[in-house]
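Student: fold the following for me, if possible:
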Amino acid sequence: MELPDTPAEQSLSSRTEPPELAGRLRAVLQQLLPLIRGRSPHRDLTPSRTAALAALAAHGPMRISELAARMNIALSTTSRMVDLLDHCGWIARRPDPADQRASLISLNEDGLALLRAVRRETTGLLAERIGRLAPDRQRLLYDALPALEEMVEWTPPPAGPPSRGPAAGATDPAP
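Tutor: Have a look, this model is predicted:
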């Protein structure tokens, strides 16, 4: 790898190194997500519950063990969360046709309506913030989206449920 020749090139190079970009992106996300969640009227819908609803919306009916693996959280934690989602009336349970001893969980109409409402609200909050940016900054954000979307595509769900508790900082990537 060639070293940058000028101080300006050296400065640009250090700003575009993956560790520098990763640190800045992590810091921004850690500030942006609570800002969005903090203004939601759905106080009983935590980030992990939102993530569970989003996973069910994206991947259809699944066993609790599959949901745990997709969310990278312990099976016991997922089971308690599913019980809460069921108690709130946001999911449906039915026997798994492949194994009558197991259940499949899926979003019901109320859960889907709630998820859509939350997505509309968070999109509106982000649109408001983006609208305050100068047009050239909006364009930079727009140009960065394909790279961010590609990063998400590189992250397959884990092969099985982890043996530990919730991942530190586990959040809803897409409320």
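Student: residue boundaries of the helices in this structure?
Tutor: For the chain, the helices defined by DSSP state H occupy 7-15, 18-38, 47-59, 64-71, 75-88, 109-131, 135-153.
Student: closest one to residue 103 among those?
Tutor: Closest to residue 103 of those, according to CB to CB: helix 64-71, at 7.3 Å. No exception for glycine: its C-beta is placed from N, CA and C like everyone else's.
Student: chain center to that closest one: distance?
Tutor: Between the centre of helix 64-71 and the centre of its chain there are 14 Å (CA atoms, centre = their mean, to the nearest Å).
Student: buried residues in it?
Tutor: 64, 66-71 (16 or more other CB atoms under 10 Å).
Student: what would those look like in a markdown table with distance to residue 93?
Tutor: What follows is those, written out as a markdown table (distance: CB to CB, whole Å):
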| residue | distance to residue 93 |
| --- | --- |
| 64 | 9 |
| 66 | 14 |
| 67 | 12 |
| 68 | 15 |
| 69 | 18 |
| 70 | 17 |
| 71 | 18 |
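Student: return the member of those residues nearest to residue 100.
Tutor: Closest to residue 100, out of all of the buried residues of helix 64-71 and judged by CB to CB, is residue 64, at 15.4 Å.
Student: any idea how far that closest one is from residue 106?
Tutor: 12 Å (CB to CB, to the nearest Å).
Student: quick one: the buried residues of helix 64-71 as a markdown table, columns for pLDDT too.
Tutor: Below are these laid out as a markdown table (pLDDT from 0 to 100):
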| residue | pLDDT |
| --- | --- |
| 64 | 96 |
| 66 | 95 |
| 67 | 96 |
| 68 | 96 |
| 69 | 94 |
| 70 | 92 |
| 71 | 93 |
